[in-house]
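Chemist: Prediction below, plus the sequence it came from.
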Amino acid sequence: MAKVAPSILSADFSNLKEEIISLEQSGADYIHIDVMDGHFVPNITFGPPVIKAIRPHTTLPFDVHLMIEHPDRYIEDFVNAGADLISVHAEACTHLHRTISLIKSYGKKAGVVLNPHTSIEFIKHILGDIDLVLIMSVNPGFGGQSFIPNTINKITELNKIRNEQGLNYIIEVDGGVNEETSKRCINAGTDLLVAGSFIFKSKNREQAIKVLKHDY
Ligand SMILES: O=C(CO)[C@@H](O)[C@H](O)COP(=O)(O)O
């Protein structure tokens, strides 16, 4: 069954501790943390101090999505703040293999994120080195956008390569994930669904997470 990583980009930032506790109690599998620098994406969110502050309030793994330029400079800070899985954008890394190796050198899981326009071809030579591929199904920077339908083709392609080559990377999808789009993502081979608006706008988070997993 697919797992769900609620994105705290849609949380009440004035009440993050309670938000994290509520997500864990509602059946979340990971906490997805969107770090934005105002350069790689037009928006700015939070960095290692906020992650460190929420770390004691859950045992769920932290899935940290770095939408930042020059991520190598900050990997150690995110590790020390409590990240379990760190994903970097292929588009932001000149030496992607080096960045992946750096994340893994701290004993953390390493993921690569692809913007909607970026082809799987771009990362095919490092698929055997990474723990996760995150397919952006919206242009990164903001919550509440609509799912871009043809990103499903990339999930299908990644799933095919994984099966053919006996690889183990997790396939994650992020952006515009709701009851309808999650079903298509799961059918295409997605293991991990990120959702912000769908969960935080719902009246019942536990039910919303079950709906995304199609576990009812
Ligand atoms: O990384 C991002 C946006 O850049 C996402 O994690 C969004 O936060 C998902 O939000 P929804 O589309 O589910 O509202």
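Modeler: Alright, I've got the coordinates.
Chemist: element containing Asp34, please.
Modeler: strand 31-36 (DSSP states H and E).
Chemist: Output the contacting helices and strands for that strand.
Modeler: Contacts defined by 3 or more Cβ pairs under 8 Å, 6 or more residues apart in numbering; DSSP states H and E place strand 31-36 against strand 3-6, strand 62-67. C-beta: built from backbone N, CA, C; applies to glycine.
Chemist: strands paired with the last one, and their directions?
Modeler: It stands for strand 62-67. In the sheet, strand 62-67 lines up against strand 31-36 (parallel), strand 85-89 (parallel) (DSSP bridges).
Chemist: what mean pLDDT would you report for the last one?
Modeler: Yep, that's strand 85-89 we're talking about. Strand 85-89 comes out with an average pLDDT of 98.
Chemist: Same question for the helix or strand following it: list its buried residues.
Modeler: Next helix or strand after strand 85-89 toward the C-terminus (DSSP H and E): helix 96-105. Residues 96, 99-100, 102-103 are the ones in helix 96-105 that count as buried (16 or more other Cβ atoms under 10 Å).
Chemist: Give me the contact list for whichever helix or strand comes after helix 96-105.
Modeler: Following helix 96-105 in sequence order, the next helix or strand is strand 109-114 (DSSP H and E). For strand 109-114, the external contacting residues (Cβ atoms under 8 Å, 6 or more residues apart in numbering) are 65, 67, 84-91, 96, 100, 103-104, 120, 122-123, 126, 129-136, 140, 154, 170, 172, 174.
Chemist: 6 Å instead?
Modeler: With contacts defined as Cβ atoms under 6 Å, 6 or more residues apart in numbering, strand 109-114 is touched by 85, 87, 89-90, 100, 103-104, 123, 130-135.
Chemist: what's the answer for stretch 41-50, then?
Modeler: For stretch 41-50, contacts defined as Cβ under 6 Å, 6+ apart pick out 34, 36, 38, 67, 77-78, 81, 140-141.
Chemist: near the ligand, which residues of this structure?
Modeler: For the chain, the residues in contact with the ligand (Cβ under 6 Å from any ligand atom) are 7, 9-10, 32, 34, 65, 138, 140-145, 174-177, 194-198.
Chemist: and those, which are buried?
Modeler: Those of the residues of the chain next to the ligand that meet the buried threshold are 7, 9-10, 32, 34, 65, 138, 140-141, 143, 174-177, 194-198, by 16+ other Cβ under 10 Å.
Chemist: re earlier: please identify the buried residues of the helix or strand following the strand holding Asp34?
Modeler: Of the helices and strands lying after strand 31-36 in sequence (DSSP H and E), the nearest is helix 48-54. For helix 48-54, burial by neighbour count (16+ other Cβ under 10 Å) applies to 48, 50-51, 54.
Chemist: ok, now stretch 122-134?
Modeler: Neighbour-count burial for stretch 122-134 flags 123, 126-127, 129-134 (criterion: 16+ other Cβ under 10 Å).
Chemist: Next: stretch 171-189.
Modeler: Those would be 171-178, 181-182, 184-186, 188-189, for stretch 171-189 by 16+ other Cβ under 10 Å.
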